[in-house]
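Visitor: What follows is a predicted structure for the sequence shown.
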Amino acid sequence: MDEKLGFVLRAVAVAVVAYQMIEVVRLLLEPWDFLNAHLTLALILAYLPLVRTGGRWRPLVIILLLLSVAATGYMHINRLALEMRQGFPAPADSVAGAILIVCILEACRRTTGPAVPVLALLFILYALIGVYLPVPLHTYSFSLTSVIAALTTNLTGVYGLLLEISAYYIFLFVVMGGIMQITAVANFVNLMGSLAARLRGGPAMSAVVSSALVGTCLGSTDANVALTGSFTIPLMKRSGYAPHQAGAIESAASNGGMIMPPVMGAAAFIMADFIGVPYFTIAVAAILPAILYFCSVGLYVYFTAVKMGLQPSVEAFGRDQLKQILITAPGFLAPLVLITALLARGYSPRYAAFWAVVTVVAAGLLTPGKRPSLGQWVQGITNGALTGASIAISIVSVAMVVEIMTLTGLGFRLPGMVESWSQGNLGLALVITAAAALILGMGVPPAPAYLIVAITAAPVLVRLGVPLLTAHLFVFYYAVMSMVTPPVAPAAVVGARLAGAGYLKTALEASKAAAAGFVVPFIFVASPVFIFQPQGTGAWIITSALAGLLSIVCLQAALVNCFFTVLRRFERALFLVAGVCFFCLLFLLLAGSRHIYPFCGRYSDSPVRRASAGYPTTDLSKFGTTHIVECPDGLTAPQTGALRSCRRDVLWQQQCEKIVSTCQASTSHG
């Protein structure tokens with residue numbers, strides 16, 4: 001029975017991937033029907049493995065699978081009628097919508113854990129009882145029928161933009177990663193890891209290099225840990241690392257793969273659509289923060305090796321190994337180069353993903369002596385399809401949260417609430433937002449984690465004047481960091497299993513290994529040069545870059561208690577103080593360049609901030625304003641254009657006074 005179900009699962013997975021590939025070059029269905037088909041197939045792929053392993057729960061899983069197909073089938077058959085009945089759903093519509101919601105949330109719970117379904121249920125509950133809550137959580141009264149309609153039968157909610165992103169962008173990229181795992185790419189990663197093992201830190205350094213390479217194409221931290229950890233963790237344990245250290249280093253290194261371009265845990269494509277910034281711009285901006293993160297983990301590895309007295313590997317690395325690297329490198333590099341080239345030339349991510357999959361398959365077939373068998377090809381495609389389906393289900397579950405926030409207006413009130421708590425202080429708002437992103441991202445895969453923080457946390461920073469791309473990279477970074485942050489830390493769970501260590505000990509050590517990396521988002525907010533958005537003079541750019549790098553080095557040395565030699569207490573304290581001072585220097589430079597005072601003044605008290613909070617405006621372009629945004633009362637006002645353009649001198653004060661007087665005059669004249 002299990003063998004037959006396994007065959008059915010593999011056949012369905014291959015058919016789903018083939019269908020998705022054909023849809024790229026030939027449209028078989030209308031756009032909405034394609035989205036509904038994608039959701040249906042994702043639910044089938046989510047429940048089929050559970051039918052195989054369900055045990056006594058197998059009958060319930062089969063019922064849920066059939067109900068899922070029936071609910072999406074109802075949506076397909078009655079689509080035109082549903083469009084005509086928007087706002088006035090029939091009883092059958094509400095029943096079908098409720099069934100679809102239950103099936104999606106249960107599939108999400110069984111594939112990715114309870115975090116996202118619980119969050120979605122809490123927001124649905126909020127829509128129902130929000131009318132009884134005090135301000136600022138108070139909202140209008142919504143019936144259960146209207147909530148179900150908003151989430152499903154109005155063809156919004158689960159059928160919104162997020163499902164489109166999963167169907168058109170994410171799925172094929174994840175399939176590419178699944179196929180790459182069964183080709184010679186694994187050998188290339190292992191060989192590069194062996195080369196890195198010749199550095200101080202040995203196999204632990206190979207974990208950092210291998211995880212960075214694998215992270216460029218995989219969309220899952222857990223898969224990254226499993227793929228590279230099976231090779232690096234045993235080597236680390238044999239070289240002298242404690243089991244919990246080995247699992248922690250691999251977990252922290254693999255977590256960095258989710259912020260490594262070009263795939264970035266599939267979140268980069270969501271971000272591009274969400275904020276309207278070209279994908280290529282996002283990928284380029286994410287390069288240096290990812291490198292800084294891996295440098296911080298590499299410093300932890302190096303300092304720990306020095307502290308433990310571990311020596312580099314003395315194994316020979318000769319012609320045979322170099323030959324194998326040259327043979328297997330094209331299979332790894334070709335699809336990544338192709339993706340980058342196509343996206344840089346303006347092709348859609350879907351088109352780039354299609355040709356990347358074709359390139360991976362071709363490279364696997366053409367690599368001499370490393371061709372996978374038919375069974376391996378099928379297994380790789382199946383793994384990619386199952387991962388893509390689980391991501392699709394989790395993203396659709398997050399879409400319910402997005403719809404409820406829009407329906408109740410909570411999404412528009414949250415930024416104001418956090419801004420009120422921080423009193424307009426950008427530094428405090430960054431800390432609050434980072435903490436919120438860590439909490440909201442706990443136990444959630446990178447793509448849905450980004451979506452959650454993008455709709456809740458990022459608007460806070462944008463409202464305080466942080467550039468749109470910078471704000472979204474900031475919250476995404478911290479959402480990903482939750483993968484190694486207790487108490488959930490799913491990456492540490494996998495690392496602990498592979499290492500045979502305790503989960504909590506591994507998670508705490510993983511947080512320590514990635515600790516300096518927690519500073520990186522603050523660095524690129526304070527110093528935009530790290531995301532290739534340089535501001536200020538050349539001297540300012542060099543100073544800010546050095547301050548950011550030195551803060552990471554000093555903080556990591558203080559945490560490990562080693563800097564080329566074991567530190568004494570006062571030396572460790574000096575490194576800690578130096579790291580904090582370099583970190584604060586970044587914000588002083590920011591204040592000097594942009595006239596924002598994040599730690600020593602209230603940004604909301606500035607004249608330009610008051611002008612942008614709701615006054616009518618006239619032509620302010622002469623004061624340096626470069627863009628206009630919507631104000632709370634529906635009027636337009638300058639966001640922070642003048643604030644960013646002016647120099648800190650007497651003219652700055654004069655211009656601010658002119659802006660305020662102009663706005664007040666406009667207000668008094670109606």
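Guide: Thanks, I have it. Numbers count the residues shown, from 1 in each chain.
Visitor: Listing request: residues of the stretch 51-200 of the chain with sub-threshold pLDDT.
Guide: Counting by pLDDT under 70, the stretch 51-200 of the chain contains low-confidence residues at 54, 184-187, 189-190, 192-200.
Visitor: give me that answer again for 50
Guide: Along the stretch 51-200 of the chain, segments meeting pLDDT under 50 are nowhere present.
Visitor: top helix in the protein by residue count?
Guide: Taking DSSP state H as the criterion, the chain has its longest helix at helix 374-408.
Visitor: domains for this protein, by residue range?
Guide: Taking automatic domain parsing as the domain assignment, the record places the domains of the chain at 2-164, 606-668.
Visitor: With mean neighbour count added, can I get those in a markdown table?
Guide: Just so you know, the C-beta spots here come from the backbone N, C-alpha and C atoms, and that holds for glycine as well. Converted to a markdown table, the domains of the chain look like this (neighbours: other CB atoms under 10 Å):
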| stretch | mean neighbour count |
| --- | --- |
| domain 2-164 | 17 |
| domain 606-668 | 16 |
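Visitor: closest one to Lys237 among those domains?
Guide: domain 2-164 (27.8 Å; CB to CB).
Visitor: Using CSV, lay out the domains of the chain together with distance to Ala501.
Guide: Output for these, formatted as CSV (distance: least, CB to CB, whole Å):
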stretch, distance to Ala501
domain 2-164, 21
domain 606-668, 48
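Visitor: Let me know which of those is the nearest to Phe530.
Guide: Phe530 lies closest, by CB to CB, to one member of these: domain 606-668, at 17.5 Å.
Visitor: Pull the contacting residues for Val431.
Guide: Residues near Val431 by CB atoms under 8 Å, 6 or more residues apart in numbering: none.
Visitor: Going by secondary structure, it is in what exactly?
Guide: For Val431, the element it lies in under DSSP states H and E is helix 426-440.
Visitor: excluding its backbone neighbours, what's nearest Leu469?
Guide: Here the nearest residue to Leu469 in space, its sequence neighbours aside, is Val277; by CB to CB, 6 or more residues apart in numbering that works out to 5.4 Å.
Visitor: and the gap between the residue nearest to Ala471 when sequence neighbours are not counted and Phe518?
Guide: Of all residues not flanking Ala471 in the chain, Leu461 sits nearest, at 3.8 Å (CB to CB, 6+ apart). For Leu461, the distance to Phe518 (CB to CB, to the nearest Å) stands at 17 Å.
Visitor: Neighbour count: these two, which is higher?
Guide: A side-by-side neighbour count of Leu461 and Phe518, using other CB atoms under 10 Å, places Leu461 first with 24 against 18.
Visitor: The more buried one contacts Leu473, correct?
Guide: No - if you go by CB atoms under 8 Å, Leu461 and Leu473 don't touch, sitting 10.3 Å apart.
Visitor: who are the neighbours in contact with the residue nearest to Ala471?
Guide: With CB under 8 Å, 6+ apart as the criterion, the residues that contact Leu461 are Ala429, Leu430, Thr433, Thr470, Ala471, Phe474, Val475, Val525.
Visitor: just curious, which of those residues is nearest to Met258?
Guide: When these are compared for distance to Met258 (CB to CB), Val475 wins out at 13.7 Å.
Visitor: I'd guessed that closest one sits against Ile455; true?
Guide: No - between Val475 and Ile455 no contact is recorded; they are 9.9 Å apart, counting by CB under 8 Å.
Visitor: quick one, which of the two is more surrounded?
Guide: Set side by side, Val475 and Ile455 show unequal neighbour counts under other CB under 10 Å, the larger going to Val475 at 29 against 20.
Visitor: nearest residue to that one other than its sequence neighbours?
Guide: In this structure, Val475 finds its nearest non-sequential neighbour in Val453, 4.1 Å apart by CB to CB, 6+ apart.
Visitor: For that neighbour, grab the count of nearby residues.
Guide: Using other CB under 10 Å, Val453 has 28 other residues around it.
Visitor: any idea how far Ala267 is from it?
Guide: Counting by CB to CB, the gap from Val453 to Ala267 is 10 Å.
Visitor: Could you do Leu426 as well?
Guide: Computed with CB to CB, the distance linking Leu426 and Ala267 is 24 Å.
Visitor: and if you look at Ala547?
Guide: Following CB to CB, the distance that separates Ala547 from Ala267 is 28 Å.
Visitor: Pick out whichever of these two has more residues nearby.
Guide: Taking neighbours as other CB under 10 Å, Ala547 and Ala267 compare with Ala267 leading, 29 against 21.
Visitor: residue contacts, the more buried one?
Guide: Contacts of Ala267 were listed using CB under 8 Å, 6+ apart, and they are Met258, Pro446, Ala447, Ala449, Tyr450, Phe476.
Visitor: Let me have the residues you listed in a markdown table, extended by pLDDT and distance to Ala286.
Guide: Compiled in a markdown table, the contacts of Ala267 are given as follows (pLDDT from 0 to 100; distance: CB to CB, whole Å):
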| residue | pLDDT | distance to Ala286 |
| --- | --- | --- |
| Met258 | 83 | 10 |
| Pro446 | 75 | 12 |
| Ala447 | 76 | 15 |
| Ala449 | 77 | 15 |
| Tyr450 | 82 | 12 |
| Phe476 | 88 | 9 |
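Visitor: from these, which ones fall inside helices?
Guide: For those, membership in helices holds for Pro446, Ala447, Ala449, Tyr450, Phe476, with DSSP H as the criterion.
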